[in-house]
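K.L.:
Sequence and predicted structure below; questions after.
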Amino acid sequence: MLTRKEIHEPFTPEQVDYLAIYQRSCYYHPYMCMGNNGDCGSPKNRILLVDESGYTCPCGRYRQTISWEHTVEAGKSLKQCFGE
């Protein structure tokens, strides 16, 4: 069984950079707000924003303070491949 290493806030600036690349990527499905109410709007508006304190939905109703090392590594690979 594959074990996924968790990372918790505060994220380092380097982690934020890679997580943001992951979130913008068309190669992976981004982490999204679970809310389905009108405050979040369309699914495109529910893509979580990332900073040192974690992920936040643009609607402000959802916050996630954990991510996974494989997500950071995916963002790092995308940056190396595409120079984002």
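P.N.:
That came through fine.

K.L.:
buried set for the longest helix anywhere in the chain?
P.N.:
If you go by DSSP state H, the chain has its longest helix at helix 69-82. Using 16 or more other CB atoms under 10 Å as the test for burial, helix 69-82 gives Thr71, Val72, Ala74, Gly75, Lys76, Leu78. Quick note: C-beta positions are derived from backbone N, CA and C, even for glycine.

K.L.:
my guess is the third one meets His29, correct?
P.N.:
No. With contact defined as CB atoms under 8 Å, Ala74 does not count as touching His29 (11.3 Å).

K.L.:
out of everything not next to it in sequence, what's closest to Phe11?
P.N.:
Glu52 (5.3 Å; CB to CB, 6 or more residues apart in numbering).

K.L.:
and if you look at Ala20?
P.N.:
Val50 (5.3 Å).

K.L.:
cool, Tyr22 as well?
P.N.:
Gly75 is the one closest to Tyr22 (CB to CB, 6+ apart), at 3.9 Å.

K.L.:
what about the longest helix of the chain, average pLDDT?
P.N.:
The average pLDDT for helix 69-82 rounds to 92.

K.L.:
List the contacts of it.
P.N.:
For helix 69-82, the external contacting residues (CB atoms under 8 Å, 6 or more residues apart in numbering) are 4-7, 15, 17-22, 25, 27-28, 84.

K.L.:
where's Val16, which helix or strand?
P.N.:
Per DSSP states H and E, Val16 falls inside helix 13-24.
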